[in-house]
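Engineer: just a sequence and a predicted model for now, questions to come.
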Amino acid sequence: MSTLTTLLVANRGEIACRVMRTAKAMGLTTVAVHSATDRDAQHSREADIRVDLGGSKATDSYLQIDKLIAAAQASGAQAIHPGYGFLSENASFARAIEAAGLIFLGPPASAIDAMGSKSAAKALMETAGVPLVPGYHGEAQDLETFRDACERIGYPVLLKATAGGGGKGMKVVEDVSQLAEALASAQREALSSFGNGQMLVEKYLIKPRHVEIQVFADQHGHCLYLNERDCSIQRRHQKVVEEAPAPGLSAEQRKTMGEAAVRAAQAIGYVGAGTVEFLLDARGEFFFMEMNTRLQVEHPVTEAITGLDLVAWQIRVAQGEALPITQEQVPLMGHAIEVRLYAEDPANDFMPATGDLTLYRESAPGPGRRVDSGVEQGDSVSPFYDPMLGKLIAWGENREQARLRLLSMLDEFAIGGLKTNLGFLRRIIGHPAFAAAELDTGFIPRYQDQLLPQPSALSDQFWQAAGAAFMQSLPAGDGPWADTRGFRAGLPAEVSLHLSCNGQDRLVMLSGNAQLQNEQLLIEHKGVRRAHLAVRRDSTLYLRWDGEMHAVSLFDPIAAVEANQSHQGGLTAPMNGSIVRVLVEVGQPVEAGTQLVVLEAMKMEHSIRAPHAGVVKALFCHEGEMVAEGCALVELETAG
């Protein structure tokens, strides 16, 4: 085998940046591939060599095996790291890399085949004596077969793509009336994301914990488990918070689950980094879910509690090196918690968000603090890929220290220009139930009222602060308070501004009790002075208030009227995306809740439904069309 000097990363975003960071530290030359959309993305900018795959969608770029192999050959790369998602668990990709004489930084294709299908993996585990959740994992995929299986299993059930991951192609079905629509949608999502629409169904367990074991194997028959992670806090069956070790797991449970995971890996001749995922119930019983034959999004928490670099291990093991430690030598130091930062709107059913990052500032670096991101200020978030911006990871000597450190990191982070889940993450980590480690997969629905509070009127104190910050952040020469030192010593009396924020507006009469200094708005009340981040970007002021970042601008009455008129009687696209199905015709009567149009964006489907009974008056879209956020899709006329 030739010496490895150049590594191509067949992925994008934060994972591509993270892999290249270790590769560079090991003295390797890094190669990035990118779509036309990602030409100037951060992972492209950070690489030593970049190769343009063309296209915009993943199906035209990052999922094109021939283009990736050609990119490796053209750039002189001897190895390919698949990252996660895309082709990371695609056996054909692994075989193509091997056939081209290149090194695949992942398991053998045979291991991907064995575990790549959730159905086949469950059958294998059943033979090995690992307990399984009741379900149907067969080849027949017709609606009647699934209806019979669901009746036998008992509702609620969980539909899952057999080749899937990351919540794609996954639907909870509460009763038989929802089955047909959920199955069809899940199959389309799975086909779009993984090129395989095969589904399985299993019993949807109540209050389970999601505990997974990190395994690592070399080419010499050695396999270790590197402790476990708790990934129970999820939305849309996609992990939001991950931590290691799993709170409350005994040493005996860790050993039992770890050894089961190692047996699973060895049974398929596994090599490299992998994760065996289990559901753990309140009685301490665990059930095999699936094995992910790749590096996981949440691998940094394992690195934090072990002090190991899993990407470095992948590179060394792929070149034939043996694992450097034994099971007894695997460290377990302190506690680590990770949150996933997404461009999405938690208040609107976590709808993915697109747009420009006009403001993007990461937490300050320091001991026990880590940020893995794939964006920088000024970057654009497109509708073509997963909306994850990055991850915040905090380590502490114990769980509470890690939690408090992560809260501090979230408080320091600042994002403006599009919706994110930053405030939502802050509420989770700060919630008393999370602090008490009361974890299960129903955490977010259970505390939804506190985690996703209904919008309320902004306070008088907020409007006063916003007005003061807005006026004092004017560029030099734009008003009587302007200067060149970033400091305003207060405001003259009787200054008013008509401001707009979060769909609300207020005529604000300003008082002079606030000062803006170095983008910190200092407000004193009853002898206590507090600082609020206030950053001006063109005509918008971003003000952090009560843990949330608010975008404040001057009220525009004409824009307000136009926005109101555009929504009257019409249904618009909630974000940029592609129309995958139009389910109604002009003149068709519909009931409230009827699916009208299905929009695909960021590898997920979003249904546009009738808000009330009526008649379809007009259609403004067709299947296969790309539409922009706010674009009219359907006009619905009230019946009668």
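Structural biologist: Looks like it came in fine.
Engineer: where are the low-confidence patches of the stretch 401-550 of the chain?
Structural biologist: Scanning the stretch 401-550 of the chain for pLDDT under 70 picks out the ranges 475-494, 512.
Engineer: so which residues of it form strands?
Structural biologist: For the stretch 401-550 of the chain, the strands defined by DSSP state E, counting those that start in this stretch occupy 414-416, 495-501, 504-510, 514-517, 520-525, 528-537, 540-545, 548-554.
Engineer: now render these as CSV, adding mean neighbour count and distance to residue 356.
Structural biologist: (C-beta placed from N, C-alpha, C; glycine too.) Putting the strands of the stretch 401-550 of the chain into CSV (neighbours: other Cβ atoms under 10 Å; distance: least, Cβ to Cβ, whole Å) gives the following:
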stretch, mean neighbour count, distance to residue 356
strand 414-416, 21, 10
strand 495-501, 17, 19
strand 504-510, 17, 23
strand 514-517, 20, 24
strand 520-525, 16, 24
strand 528-537, 16, 10
strand 540-545, 22, 11
strand 548-554, 18, 12
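Engineer: I'd like those as JSON lines, with distance to residue 219 appended.
Structural biologist: Output for these, formatted as JSON lines (distance: least, Cβ to Cβ, whole Å):
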{"stretch": "strand 414-416", "distance to residue 219": "43"}
{"stretch": "strand 495-501", "distance to residue 219": "58"}
{"stretch": "strand 504-510", "distance to residue 219": "61"}
{"stretch": "strand 514-517", "distance to residue 219": "59"}
{"stretch": "strand 520-525", "distance to residue 219": "55"}
{"stretch": "strand 528-537", "distance to residue 219": "51"}
{"stretch": "strand 540-545", "distance to residue 219": "51"}
{"stretch": "strand 548-554", "distance to residue 219": "48"}
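Engineer: in the chain, which residue is most central in space?
Structural biologist: Taking Cα atoms, centre = their mean, the centroid of the chain lies closest to residue 388, which sits 4.0 Å from it.
Engineer: for the residue lying closest to residue 348 once chain neighbours are set aside, helix, strand, or coil?
Structural biologist: Spatial nearest neighbour of residue 348, excluding adjacent residues (Cβ to Cβ, 6 or more residues apart in numbering): residue 574 at 6.9 Å. Following DSSP: H, G, I helix; E, B strand; the rest coil, we place residue 574 in the coil state.
Engineer: C-terminal to the longest strand anywhere in the chain, what's the next element?
Structural biologist: Counting by DSSP state E, the longest strand found in the chain is strand 223-235. Reading on from strand 223-235 to the C-terminus, the next helix or strand found by DSSP states H and E is strand 238-244.
Engineer: list the buried ones in the following helix or strand past that next one?
Structural biologist: Next in sequence after strand 238-244, counting helices and strands by DSSP H and E, comes helix 251-267. The neighbour-count check on helix 251-267 (16 or more other Cβ atoms under 10 Å) flags 253, 254, 257, 258, 260, 261, 262, 263, 264, 265, 267 as buried.
Engineer: could you export helix 251-267 as PDB, CA atoms only?
Structural biologist: Written as PDB, here are the backbone C-alpha positions of helix 251-267 (Å, rounded to 0.1, in the frame of the first residue of the first chain):
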ATOM      1  CA  ALA A 251     -20.700   0.300  35.000                       C
ATOM      2  CA  GLU A 252     -22.400  -3.100  34.600                       C
ATOM      3  CA  GLN A 253     -24.900  -1.800  32.100                       C
ATOM      4  CA  ARG A 254     -22.100  -0.100  30.200                       C
ATOM      5  CA  LYS A 255     -20.200  -3.300  30.000                       C
ATOM      6  CA  THR A 256     -23.200  -5.400  29.000                       C
ATOM      7  CA  MET A 257     -24.200  -3.000  26.200                       C
ATOM      8  CA  GLY A 258     -20.600  -2.400  25.100                       C
ATOM      9  CA  GLU A 259     -19.800  -6.100  24.800                       C
ATOM     10  CA  ALA A 260     -23.100  -6.700  22.800                       C
ATOM     11  CA  ALA A 261     -22.000  -3.900  20.500                       C
ATOM     12  CA  VAL A 262     -18.600  -5.400  20.000                       C
ATOM     13  CA  ARG A 263     -20.100  -8.800  19.200                       C
ATOM     14  CA  ALA A 264     -22.300  -7.100  16.600                       C
ATOM     15  CA  ALA A 265     -19.300  -5.400  15.000                       C
ATOM     16  CA  GLN A 266     -17.200  -8.600  15.000                       C
ATOM     17  CA  ALA A 267     -20.000 -10.700  13.500                       C
END
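Engineer: could you check the pLDDT of the residue lying closest to residue 416 once chain neighbours are set aside?
Structural biologist: Leaving aside its sequence neighbours, residue 416 sits nearest to residue 359 (Cβ to Cβ, 6+ apart; 3.3 Å). Here, the pLDDT recorded for residue 359 equals 97.
Engineer: now the one 5 residues further on
Structural biologist: Predicted confidence (pLDDT) for residue 364: 94.
Engineer: secondary structure element for it, which one?
Structural biologist: Using DSSP H and E, no helix or strand contains residue 364.
Engineer: hang on, the earlier thing: so what strands line up beside the longest strand of the chain?
Structural biologist: strand 209-217 (antiparallel), strand 238-244 (antiparallel) (DSSP bridges).
Engineer: so which of those strands comes closest to residue 228?
Structural biologist: Among the strands paired with strand 223-235, strand 209-217 comes nearest to residue 228, with 5.1 Å by Cβ to Cβ.
Engineer: tell me what angle the closest one forms with helix 251-267.
Structural biologist: Calculated by axes from the mean of the first three to the mean of the last three Cα atoms, to 10 degrees, strand 209-217 forms an angle of 50 degrees with helix 251-267.
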